[in-house]
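Trainee: with the input below, show me the fold.
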Amino acid sequence: MFHALKSRWHSPSGYKEILVLAIPLIVTTSAGSLQSFIDRVFLSWFDSNALAATVPAAMVSMSFTAVFLGLASYIGVFVAQYYGAREHARIGALVWQGFYTIGLSLLVVVPIYIYIVPLFELIGHDPILQVMEANYARIIILTIPIAIISASLSGFFSGIGRTSVVMWSNLLITLLNIALDYGLIFGHWGLPRMGVAGAAWATVIALSAGTFTQLWVFFIPSHRKVYNSLSDWRFDGPLFRRLLRFGLPVGLQAQMQMLAWTLFVLLIGKIGIAALTAHSIAMNVFMLMVMPVMGMSIAVSVLVGQRLGAGDTGSAERVTYSAIHLSLLFFVVAGLMLVTQPNWFIAPFVQGMTPEVYASTIPLVKDLLTVVAMFCVFEAASMMMAGALKGAGDTHFVAWAGILCSWLVLVLPTALLAYFWHGNLLWSWLFFLLSGFTMCLVHWLRFRTAKWKLLRVTA
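Mentor: Numbering: from 1, shown residues only. Reported below is the predicted structural model:
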């Protein structure tokens with residue numbers, strides 16, 4: 001057993017090779033998750049209603065714009081396959097096509113910005129929450145064009161194996177965001193006391209600073225020479241259409257799943273403020289757990305893309321199984337912590353609660369964390385196999401699988417429960433668990449076939 005593990009550690013496409021590429025991406029996604037976690041902890045200290053308001057506000061904003069971020073993020077697979085095929089000179093033009101998706105995003109961002117107040121009135125949450133939701137969403141929607149540039153650049157650096165650039169720029173974003181959160185939410189350090197609006201502006205400023213840093217590195221002389229990062233800035237119709245062909249399914253999946261998750265949150269909001277607050281706490285803990293492994297999934301997409309670009313299908317499959325082993329190990333340990341020590345994860349949210357809110361909320365959270373622990377086991381394998389399929393270009397299948405599982409297994413049963421039986425928080429989360437199991441099964445059945453190994457996104 002030990003000899004087999006040692007061999008798998010040092011062998012090509014083994015544990016060590018994955019972790020070398022994945023650790024900076026794990027730090028990156030963990031930093032983003034930590035940023036959101038602390039952001040919402042601060043808001044719960046400011047006002048318990050602020051926490052209940054910002055989660056649906058952020059999800060509503062993202063549900064209309066996730067398609068563009070998903071499209072831009074797929075730049076990483078294109079770069080990886082061109083890099084594996086040693087066609088370095090064509091990479092700069094790819095990244096610029098990602099930038100041009102900003103034009104498409106403005107067709108959605110501008111109307112949402114203008115009509116954000118009527119939108120939240122239509123949703124129909126408690127009037128106290130509606131004001132906070134609209135204030136937060138109107139500002140956070142401004143980050144979308146900046147996030148598209150950041151996603152395209154992160155794809156570039158990940159695709160060429162320079163994941164440390166992604167890590168350091170995102171650590172800058174996280175640290176700056178946390179500092180600005182503290183100042184702008186509570187009014188410290190001479191800054192205005194802005195509450196939920198302060199949290200949103202902190203995100204805008206921090207993301208802008210990190211994206212500018214990535215742009216500066218993208219344009220350094222060595223990148224301009226090898227990858228044509230500055231000279232190939234022109235819009236390339238055929239290349240952009242190829243990006244749409246493979247990347248748009250990823251974006252649509254992100255859009256439809258985000259919309260499904262948003263409806264899931266809004267349906268829970270109809271149960272009551274206590275249920276929505278408990279859901280928000282449990283979902284923040286879930287994101288804190290799942291985002292590190294999301295970084296490993298991105299690494300799998302990059303490594304599979306590089307292997308297939310070089311024509312090595314066997315290594316592409318082996319690297320996926322190595323990643324599944326590592327992610328399962330992480331999630332089993334994390335799940336045991338959630339079940340045995342739930343108060344470790346709940347404690348940061350308790351400070352701003354009254355005894356009445358605590359009594360109505362925290363017992364619900366503990367039940368939900370048990371569901372999170374079980375869900376994460378399925379998510380471990382599912383995310384790695386989905387990463388491999390995306391890295392190969394099998395994006396249409398991944399998109400349809402994600403959309404159908406989210407809507408048919410999660411949203412539809414929850415909606416029926418909410419409208420005909422007045423809703424139940426724990427039962428809604430059991431549908432969440434069932435959707436995770438279904439997604440894992442579907443990805444496994446697809447991964448077992450050989451079709452994905454024959455796909456390429458390169459011309």
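
Trainee: which residue ranges form the helices in the stretch 301-450 of the chain?
Mentor: Along the stretch 301-450 of the chain, counting by DSSP state H, counting those that start in this stretch, helices occupy 313-340, 342-346, 355-392, 395-404, 412-421, 425-448.

Trainee: reformat those helices as a markdown table; add mean pLDDT.
Mentor: Output for the helices of the stretch 301-450 of the chain, formatted as a markdown table (pLDDT from 0 to 100):
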| stretch | mean pLDDT |
| --- | --- |
| helix 313-340 | 86 |
| helix 342-346 | 82 |
| helix 355-392 | 85 |
| helix 395-404 | 88 |
| helix 412-421 | 82 |
| helix 425-448 | 89 |
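
Trainee: of all the ones you listed, which lies closest to residue 247?
Mentor: Set against residue 247 and scored by CB to CB, the helices of the stretch 301-450 of the chain come closest in helix 395-404, at 7.1 Å. Every C-beta, even on glycine, is put in place using the N, C-alpha and C of the backbone.

Trainee: for the closest one, which helices and strands make contact with it?
Mentor: helix 237-269, helix 355-392, helix 425-448 (3 or more CB pairs under 8 Å, 6 or more residues apart in numbering; DSSP states H and E).

Trainee: for residue 408, find the nearest of these.
Mentor: Of all the helices and strands packed on helix 395-404, helix 425-448 comes closest under CB to CB, at 8.6 Å.

Trainee: now do that closest one: distance to the chain's middle.
Mentor: 18 Å (CA atoms, centre = their mean, to the nearest Å).

Trainee: ok, and what's touching it?
Mentor: 264, 267-268, 271, 275, 278-279, 282, 320, 364, 367-368, 371, 374-375, 378-379, 381-382, 385-386, 388-389, 394, 397-398, 401-402, 405-406, 409-410, 413-414, 417-418, 452 (CB atoms under 8 Å, 6 or more residues apart in numbering).

Trainee: list the contacts of residue 168.
Mentor: Residue 168 touches residue 213, counting by CB under 8 Å, 6+ apart.

Trainee: so which helix or strand takes in it?
Mentor: helix 163-186 (DSSP states H and E).

Trainee: which SSE is immediately downstream of that helix?
Mentor: Tracing the chain past helix 163-186, the next element assigned as helix or strand by DSSP H and E is helix 196-218.

Trainee: specify the angle between that next one and helix 163-186 in degrees.
Mentor: Calculated by axes from the mean of the first three to the mean of the last three CA atoms, to 10 degrees, helix 196-218 forms an angle of 160 degrees with helix 163-186.

Trainee: which strands and helices sit next to helix 196-218?
Mentor: Helices and strands touching helix 196-218, as assessed by 3+ CB pairs under 8 Å, 6+ apart, comprise helix 15-46, helix 48-73, helix 127-140, helix 143-159, helix 163-186.

Trainee: if we use 10 Å, what do you get?
Mentor: Helix 196-218 is packed against helix 15-46, helix 48-73, helix 91-99, helix 127-140, helix 143-159, helix 163-186, helix 221-227, with contacts defined by 3 or more CB pairs under 10 Å, 6 or more residues apart in numbering; DSSP states H and E.

Trainee: quick one: which of the ones you listed is nearest residue 308?
Mentor: helix 143-159 (12.8 Å).

Trainee: just the CA atoms of that closest one, as CSV, please.
Mentor: In CSV, the C-alpha atoms belonging to helix 143-159 read as follows (Å, rounded to 0.1, in the frame of the first residue of the first chain):
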residue,chain,number,x,y,z
THR,A,143,-17.7,44.1,-11.0
ILE,A,144,-18.8,41.9,-14.0
PRO,A,145,-16.6,43.6,-16.8
ILE,A,146,-13.6,43.6,-14.4
ALA,A,147,-14.2,40.0,-13.5
ILE,A,148,-14.3,39.0,-17.2
ILE,A,149,-10.9,40.4,-17.7
SER,A,150,-9.6,38.7,-14.6
ALA,A,151,-11.1,35.4,-15.6
SER,A,152,-9.5,35.6,-19.1
LEU,A,153,-6.1,36.4,-17.6
SER,A,154,-6.4,33.7,-15.0
GLY,A,155,-7.1,31.3,-17.8
PHE,A,156,-3.9,32.4,-19.6
PHE,A,157,-1.6,32.0,-16.6
SER,A,158,-3.2,28.7,-15.6
GLY,A,159,-2.9,27.4,-19.1
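
Trainee: now do that helix: distance to the chain's middle.
Mentor: On CA atoms, centre = their mean, the centre of helix 143-159 falls 13 Å from the chain's centre.

Trainee: what angle sits between that helix and helix 91-99?
Mentor: 160 degrees.

Trainee: now do helix 143-159 against helix 48-73, angle only.
Mentor: 50 degrees.

Trainee: next, the angle from helix 143-159 to helix 15-46.
Mentor: 160 degrees.

Trainee: I'd like to know which of the contacts of helix 425-448 are buried.
Mentor: Buried residues within the contacts of helix 425-448, counting neighbours by 16 or more other CB atoms under 10 Å: 264, 267-268, 271, 275, 278-279, 282, 320, 364, 368, 371, 374-375, 378-379, 381-382, 385-386, 388-389, 394, 397-398, 401-402, 405-406, 409-410, 413-414, 417-418, 452.

Trainee: about what we covered before: dump the helices and strands packed on helix 395-404 to JSON lines, plus distance to residue 214.
Mentor: Below are the helices and strands packed on helix 395-404 laid out as JSON lines (distance: least, CB to CB, whole Å):
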{"stretch": "helix 237-269", "distance to residue 214": "19"}
{"stretch": "helix 355-392", "distance to residue 214": "22"}
{"stretch": "helix 425-448", "distance to residue 214": "31"}
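
Trainee: so which of these gets nearest residue 11?
Mentor: Taking the helices and strands packed on helix 395-404 one by one with CB to CB, helix 355-392 is closest: 17.7 Å.

Trainee: follow-up on the earlier one: which of the helices of the stretch 301-450 of the chain sits closest to residue 287?
Mentor: Nearest to residue 287, of those and by CB to CB, is helix 355-392 at 9.9 Å.

Trainee: so what secondary structure elements neighbour the closest one?
Mentor: Checking 3+ CB pairs under 10 Å, 6+ apart, helix 355-392 ends up next to helix 48-73, helix 75-84, helix 237-269, helix 273-309, helix 313-340, helix 342-346, helix 395-404, helix 425-448.

Trainee: give me the distance from it to the chain's centre.
Mentor: Using CA atoms, centre = their mean, the offset of helix 355-392 from its chain centre is 14 Å.

Trainee: what's the neighbour count on residue 108?
Mentor: Residues contacting residue 108 under the criterion other CB atoms under 10 Å number 16.

Trainee: let me see the contact set for the residue nearest to it when sequence neighbours are not counted.
Mentor: Of all residues not flanking residue 108 in the chain, residue 64 sits nearest, at 5.4 Å (CB to CB, 6 or more residues apart in numbering). If a contact means CB atoms under 10 Å, 6 or more residues apart in numbering, then residue 64 has 105, 108-109, 111-112, 119, 137, 141, 144, 255, 258-259, 262 as its contacts.
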